[in-house]
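Sequence plus predicted model, see below.
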Amino acid sequence: MSNHQHGEEFRDQVRAWLAENCPAGARGAGPMSIGSRSIPLTPDLQAWRERMAEQGWTVPTWPEEYGGADLDRDQYRILIEELKRINARTPLTGRGVNYIGPTILEYGTDDQKARWLPLIARGEGGWAMGYSEPAAGSDLASLTTRAVLDGDHYVINGRKTWTSDAVDCDYIFVLVRTSPDKPKHDGISLILVAMSQAGVQVQPIRLLSGASPFCETTFENALARADDIIGGVDNGWTVGKRLLQFERSTHAGINISGSQGGRTEESGVPEVVLRYAGNESGHIGDPALRKRLTRYTMSGAAQQLTQQRIIEELKSRAPGFASSAVKLSGALLKQEGDELMIDAMGIRGLGVDESTFEKSELAVTRAWLYGKSLTIAGGTKEVQLNIIAKRVLGLPD
Ligand SMILES: Cc1cc2nc3c(=O)[nH]c(=O)nc-3n(C[C@H](O)[C@H](O)[C@H](O)COP(=O)(O)OP(=O)(O)OC[C@H]3O[C@@H](n4cnc5c(N)ncnc54)[C@H](O)[C@@H]3O)c2cc1C
């Protein structure tokens, strides 16, 4: 199919292609591929990812030579609408297509783009993010993981913490200190590291929600190619911050690099509140709860309109500092919705075991617990507020 058609003709072709190529097992809620070699996919999900990659639609707006389809803004929107219409799952998600891929597109050399981007677009390998350290979270520039040049490789030593999904990942992009004598922001580089080597060790960390997506990742004389530093030696603070904008934009639903659109919606807050706190005629008797649900629904509509506006105004693949504002408002909104459901559910919202609670109830409880992390991950609420104050509103220090 040509990716250069417009409007309704493009929509018709997308619709016909999706009808034929999106398997039943890739529709509706469920797991999505992050490209990890160690997480097996069902045959339907595997076929879905491969077919979409062939079309260039795992990364629809990337250039064709790097595995994308060069879609313009309108075509991208149409593709997303059509994916949503059939409730198709995103064929490939994660830090490859959403964070490091767009960063390489923006800062990589031609050689780096040619070596990494097609591989990322096809989902050949899952990616972890090695930024935070035990003593460098919000104050990220204090990181101490060292990379020392030895011939055509860097030798890396140090410890990264909170590396999500690292146990299932094949690659990790790491912020390392390349010049310890320079001022702290000026001696950092962003480097790509293969995880299948003895020098990289991963230890899972268990979470409050019961899941264990977190890890601690230790580098002990780990090796990375010298030409896998993205954006130049000692330029990692600038490049690494841009990657964070891609991360925040992804959280906020305003990153147009990866294929975000097919994601299926989570359980609807109004439905859950009505089910537990509504009467037989579908009304919520408690006025305070009613008011909260109305406010939540209005904020949700405002959030969606803001997302759309920002996407329409985008001049690049993700916005700059505005990503902090939309990421933060999205996280607060999600937490508000979780609180509402838990309050409406009463004791049913505090489930711990499968024998007395329904699966859907346990899912709400887990989502509520997990939601606490949304104002920490990708930069805390306070850090986002600082960025908004300084960079968006231009307030003095
Ligand atoms: C679900 C989840 C996934 C994550 N995944 C990854 C990952 O894959 N890779 C990775 O590298 N990291 C990851 N992180 C780590 C995350 O980036 C850090 O937790 C975050 O940046 C905060 O750092 P910290 O935990 O060290 O807290 P601190 O920086 O120690 O902050 C503690 C408290 O102090 C406040 N604070 C700190 N500095 C300021 C300031 N200047 N002004 C006002 N308040 C301040 C903070 O807001 C916070 O409330 C993840 C975190 C979570 C929760």
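It's in.

for the strand or helix carrying residue 337, packing partners?
Element membership of residue 337, judged by DSSP states H and E, is helix 322-345. Counting contacts by 3 or more C-beta pairs under 8 Å, 6 or more residues apart in numbering; DSSP states H and E, helix 322-345 packs against helix 236-252, helix 269-277, helix 287-313, helix 359-371, helix 381-387. C-betas here are computed from N, CA, C, even on glycine.

Of those, which stretch is the most buried?
Sort the helices and strands packed on helix 322-345 by mean neighbour count, taking mean count of other C-beta atoms under 10 Å, and helix 236-252 sits at the top with a mean of 23.

Distance from that helix to the middle of the chain?
10 Å (C-alpha atoms, centre = their mean, to the nearest Å).

now the helices and strands packed on helix 322-345 in TSV, with mean pLDDT and distance to residue 154?
Formatted as TSV, the helices and strands packed on helix 322-345 follow (pLDDT from 0 to 100; distance: least, C-beta to C-beta, whole Å):
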stretch	mean pLDDT	distance to residue 154
helix 236-252	94	12
helix 269-277	94	47
helix 287-313	92	37
helix 359-371	91	35
helix 381-387	96	28
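
Which pLDDT value does the model give residue 266?
pLDDT, residue 266: 52.

cool, and residue 260?
So, for residue 260, pLDDT stands at 54.

picking that back up, flag every buried residue along the helix holding residue 337.
In terms of neighbour count (16 or more other C-beta atoms under 10 Å), helix 322-345 has its buried residues at 322-331, 333-345.

now for the stretch of helix or strand residue 105 belongs to, which elements pack on it?
Secondary structure assignment for residue 105, by DSSP H and E: helix 101-107. The contact analysis (3+ C-beta pairs under 8 Å, 6+ apart) places helix 101-107 against helix 110-122, helix 236-252.

Which residues lie in contact with the spatially closest residue to residue 273 that is not a sequence neighbour in this structure?
Nearest residue to residue 273, sequence neighbours excluded (C-beta to C-beta, 6 or more residues apart in numbering): residue 344, at 4.2 Å. Going by C-beta atoms under 8 Å, 6 or more residues apart in numbering, residue 344 touches 272, 273, 276, 277, 289.

Now flag whichever of these is closest to residue 82.
Of all the contacts of residue 344, the one with the least separation from residue 82 (C-beta to C-beta) is residue 272, at 28.4 Å.
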